[in-house]
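A.B. asks: how would this look folded up:
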Amino acid sequence: METAQGIYQNLESDRYMFLDRARDGSKLTIPFLMPPLGHSPANRLPTPYQGIGAKAVNNLASKLLLALLPPNAPFFRLTIDRGELNKAQAELGQEQASGLRTELERALSEIEKSVSMEIETNAIRVGAYEAIRNLIVTGNALIYMDKSGQTRVFRLDRYVVKRDPMGNILKIVTQETISHSALPEEIRSQYANDKEANCDLYTAIVREGEDTFRVWQEIKGIVLPDTETTYTEEKLPYIALRFNRIDGESYGRGYVEEYLGDLRSLEGLSRALLEGSAAASRLLFLNNPNGVTNSDDIVNAPNGGVIEGLAQDVVPLQLQKYNDFRVALETSTRIEERVSQAFLINSGVVRRAERVTAEEIRMLSQELESALGGLYSLQAQEFQLPLVRLLMNRMTQEKRLPKLPKGIVKPAITTGVEALGRGNDLNRLDMFLAGANQVVGPQAVQQVLSIPEYFKRRATALGIETENLVKSEEQLAQEQQQQQMMMMASQLGKPAIETASAQYMQQQEMAERAQQPTE
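C.D. replies: Here you go, the predicted structure:
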């Protein structure tokens, strides 16, 4: 059987080209995201001469994080197979089937809010932000989520990946450096003569079936005990991300790589302007050696002092390079504007506020979709959807979520021009009601529309509990009956009330008898 280290070494050569481009992009933006080859904590990282690269990456990463994991609403919704729903409604009576869809939507909305709360409480957003920055700069990132819900992000130089032509994961191997003292005793005893302080730990994730992955860890070809296990694709705790999809390549390309030429030009111009400005700011005076002014008198004179001499003997040294610097400054300004536009630095869609509305998140999603050419949709399929499935499976195993019927209820990411979460249902309900009022009028709408059902669906879309808030059909019927009896009492007196009450009780008894099963 092939070892994890052997798989890593075989796939390492396919990664070199992507690593080189990733290091070039990181050097001009945020150097610690992908350090140079052979870097260690004792070495210094290169410092760019401009800060627009780091600002651009952080700005775009913040916008992507806000759009992918919105703080105020679920970024997904659980959808019901329409055929199965119609079948269930046909098996029930007309009265029970009328509110089935609303009750199911309300229950699914509660599950969506529970999963969203799990993301908030486990600080998944922190790991996601780190992964997004790696995606923008290097084009690749690997997220691992342990059983407690904590996330860890692997840089591109710490893992290899192999995909099939359709982009499905075939193999993933991570490489970590750990101390010998952290190894199990039975493994450490095999390296008694090993003088190395650290060793490489390899974790392999290999697809063995259509929906099965085998995972194990090993050190120097020896599999660690109790580390070999299998996962289905929905339960796999490793999520391999790409910034964009390129057919035939196992790795993605970073967004910074597309603007590497502008960043390099801006780096060179910024360095030239900085060094030229430092030279131009140096204060020197030229003194005529044949003049009558003494250089020592100039140097030693106090501020506001009076010395003997001629002004013509002392001249300040000037570079006379203002026009040259101006050309470089204007060129760098134009490049900076292009980079700012590409990374959405000047965008003002989202306010700087504690609570951001769903409409602003939706507008931001549309802007990202139009500006980045479908990137948001790719992350929805390769990041959001696997994350939701993994969290739902874990919460179901821990019995914090009810077990949903397989194949009937499925999570769907609502992104881009569609909407985020169930806010789209609210907009459609309002549009439907407004259009109906314009076409047939409010009176016709009241005759056809079920008011309690409308309020329940509206409350579900807004995420509001309707228990003891919206009156049921039975409560409305009872209140209508009471109003009719009061009107009859004021018009006809006590005998009419007794007659109406008797008729009402008789109708109730007949309804109860009709519902009782016949022997």
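A.B. asks: quick one: mean pLDDT over stretch 441-459.
C.D. replies: Across stretch 441-459, the average pLDDT comes to 76.
A.B. asks: so which bits of that stretch are buried?
C.D. replies: Using 16 or more other CB atoms under 10 Å as the test for burial, stretch 441-459 gives Val445, Pro452, Tyr454, Lys456, Arg457, Arg458, Ala459. All C-beta spots, glycine's among them, are computed from the backbone N, C-alpha and C.
A.B. asks: among the residues you listed, name the ones in helices.
C.D. replies: Assignment to helices by DSSP state H places the following of the buried residues of stretch 441-459 there: Val445, Pro452, Tyr454, Lys456, Arg457, Arg458, Ala459.
A.B. asks: distance of the second one relative to Ser109?
C.D. replies: Yep, that's Pro452 we're talking about. For Pro452, the distance to Ser109 equals 17 Å [CB to CB, to the nearest Å].
A.B. asks: now the last one
C.D. replies: The gap separating Ala459 from Ser109 is 9 Å, by CB to CB.
A.B. asks: with the fifth one instead?
C.D. replies: Applying CB to CB, one obtains 10 Å for the distance of Arg457 from Ser109.
A.B. asks: for the helix or strand encompassing Arg338, which outside residues touch it?
C.D. replies: Assigned by DSSP states H and E, Arg338 falls within helix 322-342. Outside helix 322-342, the residues that touch it by CB atoms under 8 Å, 6 or more residues apart in numbering are 52-53, 56, 258-259, 262-263, 265-266, 269-270, 272-273, 276-277, 280, 345-346.
A.B. asks: might you list the low-confidence residue ranges for the stretch 201-350 of the chain?
C.D. replies: The stretch 201-350 of the chain contains residues with pLDDT under 70 at 346-350.
A.B. asks: run through the helices of it in chain order.
C.D. replies: Along the stretch 201-350 of the chain, the segments classed as helices by DSSP state H, counting those that start in this stretch run 255-258, 260-280, 295-300, 322-342.
A.B. asks: for Gly25, find the nearest of these.
C.D. replies: helix 255-258 (3.7 Å; CB to CB).
A.B. asks: please save the CA atoms from the closest one in PDB.
C.D. replies: Provided in PDB are the C-alpha atoms of helix 255-258 (Å, rounded to 0.1, in the frame of the first residue of the first chain):
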ATOM      1  CA  TYR A 255      -6.800  36.800  -7.600                       C
ATOM      2  CA  VAL A 256      -3.500  38.700  -6.800                       C
ATOM      3  CA  GLU A 257      -1.900  36.700  -9.700                       C
ATOM      4  CA  GLU A 258      -4.200  38.400 -12.200                       C
END
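A.B. asks: got the buried residues for that helix?
C.D. replies: So, applying 16+ other CB under 10 Å, buried residues of helix 255-258: Tyr255, Val256, Glu257.
A.B. asks: likewise for stretch 159-169?
C.D. replies: Of the residues in stretch 159-169, Tyr159, Val160, Val161, Lys162, Arg163, Gly167, Ile169 count as buried by neighbour count, 16+ other CB under 10 Å.
A.B. asks: tell me which two of those residues sit farthest apart.
C.D. replies: Using CB to CB, the pair of the buried residues of stretch 159-169 lying farthest apart is Tyr159 and Gly167, separated by 16.8 Å.
A.B. asks: what residue is smack in the middle of the protein?
C.D. replies: Computing the C-alpha centroid of the chain and ranking residues by CA atoms, centre = their mean puts Leu68 first, at 3.1 Å.
A.B. asks: the contacts of helix 322-342, buried ones only, as a PyMOL selection?
C.D. replies: Restricted to buried positions by 16+ other CB under 10 Å, the PyMOL selection for the contacts of helix 322-342 reads:
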select buried, resi 52+53+56+259+262+263+265+266+269+270+273+345
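A.B. asks: Ser109 and Arg214, how far apart?
C.D. replies: 37 Å.
A.B. asks: next: Pro41.
C.D. replies: Counting by CB to CB - Pro41 and Arg214 are separated by 34 Å.
A.B. asks: more crowded one of these two?
C.D. replies: Neighbours were counted for Pro41 and for Arg214 using other CB atoms under 10 Å; Arg214 has more, 14 against 5.
A.B. asks: for the helices of the stretch 201-350 of the chain, which one sits closest to Gly139?
C.D. replies: Gly139 lies closest, by CB to CB, to one member of those: helix 255-258, at 6.8 Å.
A.B. asks: distance from the chain centre to that closest one, please.
C.D. replies: Mean-position distance between helix 255-258 and its chain equals 19 Å (CA atoms, centre = their mean, to the nearest Å).
A.B. asks: now the helices of the stretch 201-350 of the chain in TSV, with distance to Arg394?
C.D. replies: Output for the helices of the stretch 201-350 of the chain, formatted as TSV (distance: least, CB to CB, whole Å):
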stretch	distance to Arg394
helix 255-258	31
helix 260-280	40
helix 295-300	76
helix 322-342	38
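A.B. asks: winner for burial among the ones you listed?
C.D. replies: Counting by mean count of other CB atoms under 10 Å, helix 255-258 has the highest mean neighbour count of the helices of the stretch 201-350 of the chain, with a mean of 22.
A.B. asks: show me what it is packed against.
C.D. replies: helix 16-28, helix 52-68, helix 124-138 (3 or more CB pairs under 8 Å, 6 or more residues apart in numbering; DSSP states H and E).
A.B. asks: residue with max distance from the center of this protein?
C.D. replies: Max distance from the centre of the chain (CA atoms, centre = their mean): Val292, 73.7 Å.
A.B. asks: tell me the contacts of the nearest residue to Leu60 once chain neighbours are set aside?
C.D. replies: Leaving aside its chain neighbours, Leu60 sits nearest to Phe343 (4.7 Å; criterion: CB to CB, 6 or more residues apart in numbering). Residues in contact with Phe343 (CB under 8 Å, 6+ apart) are Ala56, Val57, Asn59, Leu60, Tyr255.
A.B. asks: possible to save the residues you listed as TSV with distance to Gln175?
C.D. replies: Shown next, in TSV, are the contacts of Phe343 (distance: CB to CB, whole Å):
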residue	distance to Gln175
Ala56	30
Val57	25
Asn59	32
Leu60	29
Tyr255	26
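A.B. asks: quick check: the farthest pair among these?
C.D. replies: Taking CB to CB, no two of these sit farther apart than Asn59 and Tyr255, at 11.9 Å.
A.B. asks: before we move on, the earlier item: so which of the ones in helices among the buried residues of stretch 441-459 is the closest to Asn198?
C.D. replies: Closest to Asn198, out of all of those and judged by CB to CB, is Ala459, at 57.4 Å.
A.B. asks: if I look at the closest one, how far off is Ile111?
C.D. replies: 16 Å.
A.B. asks: before we move on, back to that, pretty sure the residue nearest to the centre of the chain contacts Ala131?
C.D. replies: No - using CB atoms under 8 Å, Leu68 is not in contact with Ala131, being 10.1 Å away.
A.B. asks: quick check: neighbours shared by those two?
C.D. replies: In contact with both Leu68 and Ala131: Phe383, using CB under 8 Å, 6+ apart.
A.B. asks: buried ones in stretch 27-38?
C.D. replies: The neighbour-count check on stretch 27-38 (16+ other CB under 10 Å) flags Lys27, Leu28, Thr29, Ile30, Pro31, Leu33, Met34, Pro35 as buried.
A.B. asks: ok, the third one to Ile132 distance?
C.D. replies: What it means is Thr29. Thr29 is 13 Å from Ile132, by CB to CB.
A.B. asks: ok, now Ser450?
C.D. replies: Relative to Ile132, and taking CB to CB, Ser450 is found at 44 Å.
A.B. asks: so what touches stretch 308-317?
C.D. replies: Contacts with stretch 308-317, where a contact means CB under 8 Å, 6+ apart, come from Leu283, Leu284, Phe285, Leu286, Asn287, Asn288, Gly291, Val292, Thr293, Asn294, Asp297, Ile298.
A.B. asks: which pair of the residues you listed spans the longest distance?
C.D. replies: Top of the distance list for those (CB to CB): Leu283 and Val292, 23.0 Å.
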